[in-house]
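Peer 1: Need a 3D model of the sequence below.
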Amino acid sequence: MSASSSGCNPESNVGLPFLCKLEITEPFCTSIRYYCNVACYRRLARDGAKVCIAAKTADPHPKLPGTIYSAAEEIEAAGGIALPIMCDVREDESVEKAVSMAASEFGGLDIVINNASAINNSSLEDLPMRRFDLMNQVNARGTYTTTRAALPHLLKSKRAQVLMLSPPLNMDGRWFKMGGTGYTMAKYGMSMCVLGFSEELKGRVGVNALWPRTAIATAAIEMLAGKAGVAASRKPEIMADTAQWVVTQDPAFSGNFLIDDEVLTQRMGGT
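Peer 2: Now for the predicted structure:
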């Protein structure tokens with residue numbers, strides 16, 4: 001979850017979306033990648049959320065912990081209701097089926113959290129085109145098709161929110177060099193969805209982006225930067241708390257590109 005993580009993940013792991021209905025709310029989420037995503041889901045579960053975790057990860061990854069089923073167990077242990085569904089955001093039919101199942105099970109959807117992500121920080125010289133295509137299929141296109149599939153259900157909700165875990169659209173070239181042009185393009189594709197969707201859906205569905213100020217201690221950081229990288233990172237709970245705040249705002253709160261600590265200090269009154 002770092003805007004500036006270095007190194008390369010040769011597996012370019014595919015995460016998952018998240019759909020939710022709150023009793024307070026029902027979210028649909030598209031990533032389980034520990035530990036940041038599951039921390040977000042646990043935080044919503046504390047408010048009684050019904051959470052659909054839609055992802056490919058049904059079997060443990062050799063390097064990254066967690067599956068949709070273990071994430072569901074953590075959500076339920078935190079007091080929520082979980083619905084794990086195998087889903088590949090690269091396939092429209094898979095996404096549409098997952099959304100339909102979640103909406104049917106929960107009686108609707110209030111929130112979509114788009115965090116399915118493939119990452120490879122390689123440079124132009126080193127990034128294979130198949131990895132470039134994978135990142136854009138999962139990050140940008142996955143966000144678009146998931147939001148599109150969920151939209152009919154969101155439009156029935158009075159508190160609909162879509163959250164992209166993606167960075168502000170900063171055209172400073174150093175970010176492209178630091179994160180790799182291919183990866184940065186894919187993540188900016190998610191952010192461009194925020195820019196466009198927030199205008200298209202103004203007054204009906206809130207659409208926002210959230211990004212961490214610095215690296216968050218996730219399994220991906222550990223794989224890329226080792227134990228030292230995790231030790232230098234912040235705990236995922238800051239993203240969980242700020243994400244919970246964003247997705248429980250009125251739909252009029254929309255079109256914002258938010259940084260986690262700014263939300264905490266300027267909007268939530270934290271320190």
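Peer 1: where are the low-confidence patches of the stretch 101-250 of the chain?
Peer 2: Low-confidence segments of the stretch 101-250 of the chain, defined by pLDDT under 70: 215-225, 229-233.
Peer 1: burial count for residue 59?
Peer 2: 9 (other Cβ atoms under 10 Å). Yep, even glycine has a C-beta here, placed from its N, CA and C like the rest.
Peer 1: Same check on residue 269?
Peer 2: 7.
Peer 1: And for residue 91?
Peer 2: 13.
Peer 1: same question, residue 176
Peer 2: 17.
Peer 1: ok so it is a helix residue?
Peer 2: Yes - counting by DSSP: H, G, I helix; E, B strand; the rest coil, residue 176 is part of a helix.
Peer 1: Please look at it and residue 184 and confirm they touch.
Peer 2: Yes - between residue 176 and residue 184 a contact is recorded at 4.7 Å, counting by Cβ atoms under 8 Å.
Peer 1: Surely residue 208 and residue 166 touch.
Peer 2: No - proximity of residue 208 to residue 166 does not meet the contact threshold set by Cβ under 8 Å, at 10.0 Å.
Peer 1: Against residue 81, how distant is the nearest residue to residue 256 once chain neighbours are set aside?
Peer 2: Nearest residue to residue 256 in three dimensions, chain neighbours excluded: residue 208, at 4.6 Å (Cβ to Cβ, 6 or more residues apart in numbering). Distance of residue 208 to residue 81, given as Cβ to Cβ, to the nearest Å: 25 Å.
Peer 1: what do you get for residue 137?
Peer 2: Distance from residue 137 to residue 81, by Cβ to Cβ: 30 Å.
Peer 1: picking that back up, how about the residue nearest to residue 256, secondary structure?
Peer 2: strand.
Peer 1: Name the residues linked to it by a beta bridge.
Peer 2: Under DSSP bridges, the beta-bridge partners of residue 208 are residue 163.
Peer 1: one step back: so residue 208 and residue 166 - more neighbours on which side?
Peer 2: residue 166 (27 against 23).
Peer 1: Go through the top helix by length along the chain and flag the buried ones.
Peer 2: Identified as the longest helix of the chain according to DSSP state H is helix 181-200. If you call a residue buried by 16 or more other Cβ atoms under 10 Å, then helix 181-200 has these buried ones: 181-194, 197-198.
Peer 1: now stretch 80-100
Peer 2: So stretch 80-100, judged by 16+ other Cβ under 10 Å, has buried residues 80-90, 94-99.
Peer 1: contacting residues for the residue nearest to residue 256?
Peer 2: 161-164, 194, 198, 246, 253-258 (Cβ atoms under 8 Å, 6 or more residues apart in numbering).
Peer 1: Please produce a markdown table containing the residues you listed, extended by distance to residue 237.
Peer 2: A markdown table is the format used below for these (distance: Cβ to Cβ, whole Å):
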| residue | distance to residue 237 |
| --- | --- |
| 161 | 20 |
| 162 | 22 |
| 163 | 17 |
| 164 | 20 |
| 194 | 24 |
| 198 | 27 |
| 246 | 15 |
| 253 | 22 |
| 254 | 25 |
| 255 | 26 |
| 256 | 21 |
| 257 | 21 |
| 258 | 16 |
